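> for reference, the sequence and a predicted model appear below.
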Amino acid sequence: MPRLQRQNKIMNPRVCSRQVALAFLFALGLPSARAWDYEGHRIVNQLALASLPSDFPAFVHSPTAAERIAFLAGEPDRWKSMPDLPLRHTNNPDHYLDLEQLAWAGLDPASLSPLRYEFAVQFAAGRAAHPGKFPPIDPLKDAEHTREWPGFLPWKITESYDQLKAACSYLRAFEQGGGTATEIANAQFNIVYLMGVMGHFVGDGAQPLHDTVQHNGWVGDNPHGYTTDPKFHAWIDGGFIARAGIRFADLAPRARSAKVLTTVPAAGERDAMFAGVMRYLRDQNERVVPLYELEKAGKLKADGSPGSVDGRGFIEEQLLRGGEMLGSIWLTAWRTAPPDQYLLDQLARRSAAAAK
Ligand SMILES: [Zn+2]
């Protein structure tokens with residue numbers, strides 16, 4: 001069963017008009033969901049939690065918070081189960097970046113604007129200037145008007161990092177400036193939420209088919225005879241992980257330590273985190289051809305054949321990379337969050353007024 005239909009059934013077992021509408025949208029040929037399945041996303045978020053140093057706030061490791069962070073790894077895909085076009089228009093392209101489209105539009109992937117709408121204007125102009133580079137869009141398959149965009153994954157990740165940094169700032173202000181227990185708990189809840197949801201998008205970036213136009217089977221010139229099967233994406237999203245039995249517990253001992261990422265832009269960069277996220281996505285794009293090579297060699301069947309070890313190793317490596325990057329983004333937000341001076345001043349005034 002397609003993943004979105006399955007999720008709808010879990011969330012609302014009654015057959016409702018929403019499901020009928022969704023079925024209609026699928027009948028129009030909307031692209032399949034483009035993500036690790038829930039299980040893969042959970043593993044990435046759990047690996048990121050395992051990557052954190054001991055001085056990271058302990059509240060994120062409580063059983064409740066840790067399970068919530070793992071559960072939230074699936075949240076942005078749950079949003080996809082709604083047929084509402086405004087949500088689909090904004091949410092769906094946040095899950096991928098078809099990197100090759102940047103060059104088609106005459107843009108350098110190494111020097112994109114970190115500002116989402118500024119980039120959108122630049123991309124639209126580049127697309128209009130190079131119409132022959134882009135395949136035609138069938139309006140019947142583009143109800144939410146997303147196909148004219150390459151995806152906005154690095155902007156979503158960077159914006160999420162900035163939101164998490166803000167939450168770290170105001171948690172510290174509440175802790176240091178006399179916030180109530182409820183205020184501190186609310187700030188902690190928000191940090192858990194932001195960490196979990198952000199993890200989905202960083203996990204998406206670790207799936208190489210989220211970083212390429214070759215996302216649903218190979219398209220265009222195909223001299224090496226790579227698979228053109230549109231189901232290839234779904235197999236990498238979840239089919240392989242399920243059949244191979246890849247579990248967090250098995251990968252946990254290999255979780256890589258989170259590192260503080262640079263927050264100082266290099267020459268020519270406008271935002272260091274955005275630049276770092278782009279490097280991360282470009283690195284995973286480099287894994288697209290090796291992934292298709294594995295498929296061609298029959299090593300992605302998870303059937304216990306000797307070559308399956310290579311396929312399993314590739315998928316595990318991508319999950320480990322996702323966990324490492326996610327943990328590093330969380331750690332960087334926590335370590336570099338500036339003081340929330342406005343809130344500290346407000347709390348000081350509140351304390352002074354209460355003391356009168
Ligand atoms: Zn996704």
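Structure received. Note that the structure is predicted; figures quoted are calculated from it, not measured.
> where does the chain dip in pLDDT?
For the chain, applying pLDDT under 70 flags the ranges 1-35.
> could you rerun that using 90?
1-36, 302-307, 356 (pLDDT under 90).
> the longest helix belonging to the chain near the ion at all?
In the chain, taking DSSP state H as the definition, the longest helix is helix 308-336. No. No part of helix 308-336 sits near the ion under the criterion CB under 5 Å from the ion; the closest distance found is 11.7 Å. Bear in mind the C-beta positions are built from the backbone N, C-alpha and C, glycine included.
> list the buried ones in that helix?
By neighbour count on 16 or more other CB atoms under 10 Å, the buried set for helix 308-336 is 308, 311-312, 314-316, 318-334, 336.
> after that helix, which helix or strand is next?
Counting by DSSP states H and E, the next helix or strand C-terminal to helix 308-336 is helix 341-355.
> skipping adjacent residues, who's closest to residue 235 in space?
Sequence neighbours aside, residue 300 is the residue nearest to residue 235 in space, at 7.2 Å (criterion: CB to CB, 6 or more residues apart in numbering).
> any idea how far residue 310 is from that neighbour?
9 Å (CB to CB, to the nearest Å).
> need the overlap of contacts for these two.
Common contact partners of residue 300 and residue 310 (CB atoms under 8 Å, 6 or more residues apart in numbering): residue 294.
> in the stretch 101-250 of the chain, which residue sits closest to the ion?
For the stretch 101-250 of the chain, the residue closest to the ion is residue 204, as judged by CB to the ion, at 4.2 Å.
> any idea which element that residue lies in?
Following DSSP H and E, one finds residue 204 within helix 181-206.
> near the ion, which residues of the stretch 151-300 of the chain show up?
Counting by CB under 5 Å from the ion, the stretch 151-300 of the chain sits next to the ion at residue 204.
> what's the following helix or strand after the helix holding residue 204?
Following helix 181-206 in sequence, per DSSP H and E, is helix 232-234.
> so which elements touch that following helix?
Applying 3 or more CB pairs under 8 Å, 6 or more residues apart in numbering; DSSP states H and E, we find helix 232-234 packed against no helix or strand.
> buried residues in the following helix or strand past that helix?
Downstream of helix 232-234, the first helix or strand assigned by DSSP H and E is helix 240-244. Neighbour-count burial for helix 240-244 flags 240-241, 244 (criterion: 16+ other CB under 10 Å).
> mind giving me the packing neighbours of helix 240-244?
For helix 240-244, the contact count by 3+ CB pairs under 8 Å, 6+ apart identifies helix 38-51, helix 308-336 as packing neighbours.
> and the shortest one, what does it pack onto?
Which is helix 38-51. Using 3+ CB pairs under 8 Å, 6+ apart, helix 38-51 sits against helix 63-72, helix 181-206, helix 240-244, helix 248-251, helix 308-336.
> again, only this time at 6 Å
If you count contacts as 3 or more CB pairs under 6 Å, 6 or more residues apart in numbering; DSSP states H and E, helix 38-51 packs onto helix 63-72, helix 181-206, helix 308-336.
> then the last one?
The elements that helix 308-336 packs onto, with contact taken as 3+ CB pairs under 6 Å, 6+ apart, are helix 38-51, helix 153-176, helix 181-206.
> all good on my end, thank you.
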